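Trainee: what would the 3D arrangement of this be:
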Amino acid sequence: MSKVQVIAKSEEYLSRKREWIEKFNHNYLRLTRILTSLTELGLKNYALALFKCLDEIYNEDNASIGLETYTYWKKAVNS
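Mentor: Residues are numbered from 1 along each chain as shown. Predicted coordinates:
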């Protein structure tokens, strides 16, 4: 049985989010690759923990992130 992992926003999140939460940020693709890699390497519990945190961030800033990006993140952990 896989141990439940938790990834949470740091105390610096609010001051640093403006560096990457913006439309068409290249880090969104990197996050998709990380989620895909974790899933394919058998570390789905880590991928799901990261996705849960990204889901929370998306729900707060969906206009900046966009549905297309969120859909890629979701597919990466559901494959």
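
Trainee: now the element after the helix or strand bottoming out on mean pLDDT in the chain, going C-ward?
Mentor: Among the helices and strands of the chain, helix 13-16 carries the lowest confidence by mean pLDDT, DSSP states H and E, at a mean of 94. Moving toward the C-terminus from helix 13-16, the next helix or strand (DSSP states H and E) is helix 27-40.

Trainee: give the buried residues for that next one.
Mentor: Going by neighbour count (16 or more other Cβ atoms under 10 Å), the buried part of helix 27-40 is 28, 31, 32, 34, 35, 36, 38, 39. C-beta coordinates here come from the backbone N, C-alpha and C atoms, glycine included.

Trainee: what is the nearest of these to residue 65?
Mentor: residue 28 (6.9 Å; Cβ to Cβ).

Trainee: and the closest residue to the closest one other than its chain neighbours, what element?
Mentor: Take residue 28 and drop its neighbours on the chain: the residue closest to it by Cβ to Cβ, 6 or more residues apart in numbering is residue 69, 4.6 Å away. Residue 69 belongs to helix 67-77 when assigned by DSSP H and E.

Trainee: could you name the helices and strands sitting against that helix?
Mentor: Secondary-structure packing of helix 67-77 (3 or more Cβ pairs under 8 Å, 6 or more residues apart in numbering; DSSP states H and E): helix 27-40, helix 44-65.

Trainee: hang on, the earlier thing: can I get the least confident helix or strand of the chain in CSV, CA atoms only?
Mentor: The C-alpha coordinates for helix 13-16 follow below in CSV (Å, rounded to 0.1, in the frame of the first residue of the first chain):
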residue,chain,number,x,y,z
TYR,A,13,3.7,31.2,-1.9
LEU,A,14,1.8,34.4,-1.9
SER,A,15,4.8,36.6,-2.5
ARG,A,16,6.3,34.2,-5.1
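
Trainee: so what touches the helix holding residue 69?
Mentor: 28, 31-32, 35-36, 39, 44, 47-48, 51, 54-55, 58, 62 (Cβ atoms under 8 Å, 6 or more residues apart in numbering).
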